[in-house]
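Undergrad: here's my sequence, what's the structure:
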Amino acid sequence: MDIRIAALLGMGLVAGAGAASAAVTVHYVQPERFTDLPRAPWQRTQALDDFRKHFETLGAALPPGQDLAIDVLDIDLVGREEPNGLGSDELRIMRGGADWPAMRLRYTLSEGGKVVASGTAQLSDKGYADHINTYPRDARWPYEMQMIDEWWKKTFGAPRR
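TA: Coordinates of the predicted model:
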């Protein structure tokens, strides 16, 4: 078989599979006004990319043909950034008090172009320091990811892995 024909057939199969699979789109609404994100621009971008990828990973478990649109309205990361005294990056200090992670979002789940579920959600984990986190301690945003997972489970059911 000609290599070009094989490539075209492969692209067609991938495109066909994409049409049947679930899709998650994440939009950040005025992220410059979010309550708490890292101060360094590259760290802000990294954090938003990490959250988008996490929602997309969870969304892969949605039934084929369902699409989820998420508008993130606010993010308040766990802890607070404080100067580290060495003149480089800030340190995020977690004291286990009123510094829990929180996120506010709006979502719409559709199937075949029809809305099957929608709403707003206020995610928070006030007890983040008191329970076991399933993410490694050196992972970026482990408390926020755990909080998102809990909301996902309550809203859409446990993700299939």
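
Undergrad: check which element follows the lowest-mean-pLDDT helix or strand in the chain along the chain.
TA: Scoring the helices and strands of the chain by mean pLDDT, DSSP states H and E places helix 3-20 at the bottom, with a mean of 42. Sequence order places strand 23-28 as the next helix or strand after helix 3-20, per DSSP states H and E.

Undergrad: quick one: strands adjacent to that next one?
TA: Next to strand 23-28 in the sheet, as set by DSSP bridges, lie strand 66-76 (parallel).

Undergrad: next, the buried residues of the strand it pairs with.
TA: Under the neighbour-count criterion of 16 or more other Cβ atoms under 10 Å, strand 66-76 has 66-70, 72-76 buried. Using the backbone N, CA and C atoms, a C-beta is placed for each residue, glycine as well.

Undergrad: how close does the closest residue to Arg140 other than its chain neighbours get to Glu56?
TA: Closest residue to Arg140 apart from its sequence neighbours, by Cβ to Cβ, 6 or more residues apart in numbering: Asp50 at 5.7 Å. Taking Cβ to Cβ, to the nearest Å as the measure, Asp50 and Glu56 are separated by 11 Å.

Undergrad: give me the element Pro38 is part of.
TA: With DSSP H and E as criterion, Pro38 is part of no helix or strand.

Undergrad: wait, it sits on Arg44?
TA: Yes: the pair Pro38 / Arg44 is scored as a contact, 5.3 Å apart, by Cβ atoms under 8 Å.

Undergrad: check Met145 and give its pLDDT.
TA: Per-residue confidence (pLDDT) for Met145: 94.

Undergrad: report how many residues lie close to it.
TA: The number of residues packed near Met145 is 20, by other Cβ atoms under 10 Å.

Undergrad: equivalent analysis for Ala129, please.
TA: Around Ala129 there are 16 other residues, counting by other Cβ under 10 Å.

Undergrad: taking the mean pLDDT, what do you get for the helix or strand harbouring Phe51?
TA: Element membership of Phe51 [criterion: DSSP H and E] is helix 41-59. Over the span of helix 41-59, the pLDDT mean works out to 95.

Undergrad: repeat for stretch 121-134
TA: Here the average pLDDT along stretch 121-134 is 85.

Undergrad: again, but for stretch 73-93
TA: 69.

Undergrad: show me the residue sitting in the middle of this structure in space.
TA: Phe51 (3.2 Å; Cα atoms, centre = their mean).

Undergrad: could the buried residues of strand 66-76 be laid out in CSV, adding distance to Tyr143?
TA: Output for the buried residues of strand 66-76, formatted as CSV (distance: Cβ to Cβ, whole Å):
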residue, distance to Tyr143
Gln66, 28
Asp67, 28
Leu68, 23
Ala69, 25
Ile70, 19
Val72, 16
Leu73, 19
Asp74, 16
Ile75, 12
Asp76, 11
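
Undergrad: thanks a lot, see you next time.
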